[in-house]
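> Okay, sequence plus prediction incoming.
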Amino acid sequence: MEEWYHYLLLIVVGFVVGFINTVAGGGSLISLPVLIFLGLPPSVANGTNRVAVVIQNMMGTAGFKSKGVSTFPFDIYLGISALFGAILGAYIAVDIKGETFNRILAIIMVIVVLIILFKPKMKFDDLHEKMTGKHLWIGILAFFFFGIYGGFINAGLGFIIILFLHYVNQLSLVRANATKVVVVLIYTLAALIVFILNDKVIWKVGLILAIGNGTGAWVASRVSAEKGDGFIKTFLVIMVIIMAIKLWFFN
C-alpha cells in the first residue's frame with residue numbers, strides 16, 4: 001500500500017462496491033479480494049472493509065431519507081436483533097475451505113436468482129406491508145441469524161435480506177432496500193467494534209475505501225428511489241448471476 005495509485009484504486013473500487021451493495025448486495029466479494037491483493041491479511045481485510053461498509057450505509061440511509069423512504073421503527077427492531085447476531089458471528093471461527101465456502105454461497109445465489117425470476121409477480125397495489133405482530137417477530141428471529149453471517153463475512157447477504165423483506169414482510173423493493181441499509185449499518189457497527197478490539201483494522205486504508213463506498217451508496221440510494229422496483233429487480237438479477245459465476249469458477 002505504498003504506491004499512490006493503490007489509493008486511487010481503492011476509491012474507484014469503493015464507489016462500485018458502494019453502489020452495488022446499496023442497490024443489491026455482494027459488493028464485498030469485490031472489495032475483500034482487492035484488499036487482500038494489496039497485501040492485507042484476510043482477517044485484517046475483513047475488518048478494514050467494515051469501516052467502508054459503515055460509512056456506505058450511513059450515506060445510503062441519508063440518501064433514502066432525502067427521498068422520503070423510511071420504515072422506522074421496523075428497521076431499528078431488525079437491526080438490534082441482527083446486532084446481537086453480528087457480535088456472535090464476528091467471534092466465530094469457521095473451519096471450512098475457502099473453495100467449499102465459495103461454492104456453497106454460489107449455490108445460494110443461484111437459488112436467489114430462481115426466486116427472483118420465477119416467484120409469482122406481486123403488483124405494487126397487492127403489497128400490504130406486514131411489519132407488526134407475528135411478521136415482526138419472524139423478522140426479528142430471521143435477522144438474528146442474518147446478523148451471525150453478517151458479522152462473520154457479510155458478503156452476499158444483501159440479496160437475501162432484500163428478498164426476505166419483499167416476500168415475507170411484503171415491502172416494495174425500494175422500501176426493502178431502505179430497510180436493508182439501516183439494518184446493515186447497525187450490525188456492522190457491532191462487528192467493526194469486535195474487529196477493532198482484536199486489532200484487525202487499518203484505518204487509513206478503510207477510510208480511503210470509505211470515500212468511494214460512501215459516494216457510491218449516496219448515488220445508488222437516490223437513483224433506486226427514483227427508478228423504482230423495476231430498476232432494482234433488473235440490477236439484482238444481473239449482479240446475482242455475475243457473483244454466482246465468479247464464486248463457482250473463479251475462486
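Now that the structure is in, tell me what you want to look at.

> Report the contact partners of the residue nearest to residue 225 when sequence neighbours are not counted.
Nearest non-adjacent residue to residue 225, counting by CB to CB, 6 or more residues apart in numbering: residue 67, 3.8 Å away. For the C-beta atoms, the positions are set from N, CA and C on the backbone; glycine is no exception. By CB atoms under 8 Å, 6 or more residues apart in numbering, the residues touching residue 67 are 221, 222, 225, 226.

> For these, which entry has the maximal number of neighbours?
Neighbour tally across the contacts of residue 67 (other CB atoms under 10 Å): the maximum, 30 neighbours, falls on residue 221.

> how near is it to residue 209?
Separation of residue 221 from residue 209 (CB to CB, to the nearest Å) stands at 18 Å.

> In contact with the residue most central in space within the chain, which residues?
Nearest to the geometric centre of the chain sits residue 158, at 4.0 Å (CA atoms, centre = their mean). By CB under 8 Å, 6+ apart, the contact list for residue 158 reads 21, 24, 25, 26, 27, 180, 184.

> same question, residue 38
1, 6, 9, 10, 205.

> any idea what sits nearest residue 54, other than its immediate chain neighbours?
residue 188 (5.3 Å).

> Neighbours of that neighbour, how many?
28.

> possible to save the contacts of residue 67 as TSV with secondary structure, distance to residue 90 and pLDDT?
Shown next, in TSV, are those (DSSP: H, G, I helix; E, B strand; the rest coil; distance: CB to CB, whole Å; pLDDT from 0 to 100):
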residue	secondary structure	distance to residue 90	pLDDT
221	helix	26	91
222	helix	31	90
225	helix	31	84
226	helix	35	84
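
> Identify, from the residues you listed, the entry nearest to residue 174.
residue 225 (5.8 Å; CB to CB).
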